[in-house]
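Visitor: Make a model of this:
(4 chains)
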Protein chains: 4
Amino acid sequence: MKVLGKTTWAIPGGHIPLHSTGHEPEFTSRDELCLLNTSDQEANIEITIFYVDREPVGPYRLKVQARRVRHIRFNDLINPEAILLDTDYASVIESDVPIVVQFSRLDSSRAENSSLITMAFPGS
Amino acid sequence: MKVLGKTTWAIPGGHIPLHSTGHEPEFTSRDELCLLNTSDQEANIEITIFYVDREPVGPYRLKVQARRVRHIRFNDLINPEAILLDTDYASVIESDVPIVVQFSRLDSSRAENSSLITMAFPGS
Amino acid sequence: MKVLGKTTWAIPGGHIPLHSTGHEPEFTSRDELCLLNTSDQEANIEITIFYVDREPVGPYRLKVQARRVRHIRFNDLINPEAILLDTDYASVIESDVPIVVQFSRLDSSRAENSSLITMAFPGS
Amino acid sequence: MKVLGKTTWAIPGGHIPLHSTGHEPEFTSRDELCLLNTSDQEANIEITIFYVDREPVGPYRLKVQARRVRHIRFNDLINPEAILLDTDYASVIESDVPIVVQFSRLDSSRAENSSLITMAFPGS
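Guide: Numbering: from 1, shown residues only, chains lettered A, B, ... in the order given. Below is the predicted model of the structure:
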């Protein structure tokens, strides 16, 4: 299979909902990153988080093995520091091999779920 | 009409919700693939499913006739094997003629629906 | 302002929900097309509807004036024929001047709304 | 970090829901613009609002500082004039440095939230 994707992606609309209803972790409100590596090499990924009123934080480092997908909750990115709930942020994802990136959110603030998904913006 | 689309598409964010409420099949939770073939030739399509912790599975083969659309639930892809519910996966869709691909989800886990849609990522 | 957009767009995932709850027309379930014409010329638009099991139907003709937006419910496209509810379809939108196209859905099948939006796929 | 994005973006599908339920501002129905400036220069941004039946209004001016994200509710754009609720509109966003733009909506018309997100359409 041909290698698919780009090495830089951006997601301006990050915001992890403050409240959750229902049992964890299935119904925990979250922002989620979906990373697909169709190549035959492990992807070394660096995520940078942009904020409204302070300098960017990162890199958050993670790997996606060859021919694998990985879904990561932003709620679980804690090194170098956790991302605050109920705070506007953006993310830039850089990889050493081409990957494909989607962004999704589950909002269980109220008794029912609200969910959304979008492709990230492909840079280079 | 001019032929529209690409021959390779990717969707990183697959995850069929475990639970459904309401009568089937209208309210069954599902991930769905929407395939449009505007060309005058039948499209022979191969879908490969990527997982978190094992090798990709496929191809799942299907056809979309000339000048037709086809909406397929991932829940219904069973050959070579069914896709597990509540499991992260990604899909790559390859066609021998250009097609246009969207991805949608209906989540009826709780008493109300949550739905989402996005374009797949166009490769080549 | 520079003219923005493309002259051909495709939306594979059409499906108007069968049921609605709440007062009309605000809460009527619908698929909707959002057409932006930033140019200084009226846009003459032709929509073709693709089906699962029969030949495409169209063109549905409409205009968007210069420097105007127009949101059209697929539910309201009735000439040459109405689009059936609860039926899978796709649409191709062609314009004589560049336009920008989004697709959205409001699903009020159950007592709460579910809504989604995506960019259409830009052809040429 | 490399500068990411485009200097012109379009969003055809604007429509701020009329009603809200739940406490403000968290659950206020709104359309929202998510603007990411990864560059080392402040971005000077001009937003133009397109309507169904009158000339475009604008520019609405705002800034996004270097290496910052900013989420703006269309509900809060009031100069030169407020955007009416329950009215179809489109927006074009122009910046003097490349930015990345997403569009989201929270609809709390009924007792539960419905939310959606999409990338804006990238012009030049």
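
Visitor: can I assume A:Val100 is in contact with B:Pro12?
Guide: Yes. Applying C-beta atoms under 8 Å as the test, A:Val100 and B:Pro12 come out as touching, 5.1 Å apart. All C-beta spots, glycine's among them, are computed from the backbone N, C-alpha and C.

Visitor: Show me the beta-bridge partners of the closest residue to A:Asp53 other than its chain neighbours.
Guide: Sequence neighbours aside, D:Arg68 is the residue nearest to A:Asp53 in space, at 7.3 Å (criterion: C-beta to C-beta, 6 or more residues apart in numbering or on different chains). Counting by DSSP bridges, D:Arg68 forms beta bridges with D:Asn37.

Visitor: Next, count neighbours for D:Arg68.
Guide: By other C-beta atoms under 10 Å in any protein chain shown, the residues close to D:Arg68 number 22.

Visitor: quick one, what contacts it?
Guide: A:50-53, D:37 (C-beta atoms under 8 Å, 6 or more residues apart in numbering or on different chains).

Visitor: ok so, going back, got any residues that touch both of A:Val100 and B:Pro12?
Guide: Common neighbours of A:Val100 and B:Pro12, counting by C-beta under 8 Å, 6+ apart, are A:35-36, B:90, B:121.

Visitor: Can you find the helix or strand in chain A with the smallest mean pLDDT?
Guide: In chain A, no helix or strand scores lower on mean pLDDT, DSSP states H and E than strand A:114-119, which sits at a mean of 90.

Visitor: For it, name the packing helices and strands.
Guide: strand A:89-107, strand B:89-107, strand B:114-119, strand C:114-119, strand D:114-119 (3 or more C-beta pairs under 8 Å, 6 or more residues apart in numbering or on different chains; DSSP states H and E).

Visitor: what comes into contact with stretch A:43-58?
Guide: For stretch A:43-58, the external contacting residues (C-beta under 8 Å, 6+ apart) are A:14, A:33, A:35, A:37, A:59-65, A:77, A:80-81, A:83, A:87-97, A:99, D:1, D:36, D:38, D:67-71.

Visitor: okay, now the residue of chain A found nearest chain C: neighbour count?
Guide: Residue nearest to chain C within chain A: A:Glu112 (6.0 Å; C-beta to the nearest C-beta). Look at A:Glu112: counted by other C-beta under 10 Å, it has 25 neighbours.

Visitor: dump the residue contacts of it.
Guide: B:110-112, B:114, C:112, D:112-113.

Visitor: what's the most distant pair in those residues?
Guide: Distance extremes for the contacts of A:Glu112: the farthest pair is B:Ala111 and D:Asn113 at 14.3 Å, using C-beta to C-beta.

Visitor: what about those two, which has more around it?
Guide: Each of B:Ala111 and D:Asn113 has its neighbours counted (other C-beta under 10 Å); D:Asn113 has more, 26 against 13.

Visitor: Can you give me the buried ones in stretch A:46-60?
Guide: Neighbour-count burial for stretch A:46-60, counted by 16 or more other C-beta atoms under 10 Å in any protein chain shown, picks out A:47-51, A:56-60.

Visitor: can you list the residues of chain A near chain B?
Guide: For chain A, the contact set with chain B under C-beta under 8 Å from any C-beta of the partner chain comprises A:1-2, A:4-5, A:22, A:26-27, A:32, A:34-36, A:38, A:67-71, A:100-102, A:104, A:111-119, A:122.

Visitor: hmm, which of those are the buried ones?
Guide: Among these, those classed as buried by neighbour count (16+ other C-beta under 10 Å) are A:1, A:4-5, A:32, A:34-36, A:38, A:67-71, A:100-102, A:104, A:112-119, A:122.

Visitor: The least confident helix or strand of chain A: partners in the sheet, and parallel or antiparallel?
Guide: strand A:89-107 (antiparallel).

Visitor: what pLDDT, on average, does the strand it pairs with get?
Guide: Strand A:89-107 comes out with an average pLDDT of 96.

Visitor: Low-confidence bits of chain A, can you list those?
Guide: Counting by pLDDT under 70, chain A has low-confidence residues at A:1.
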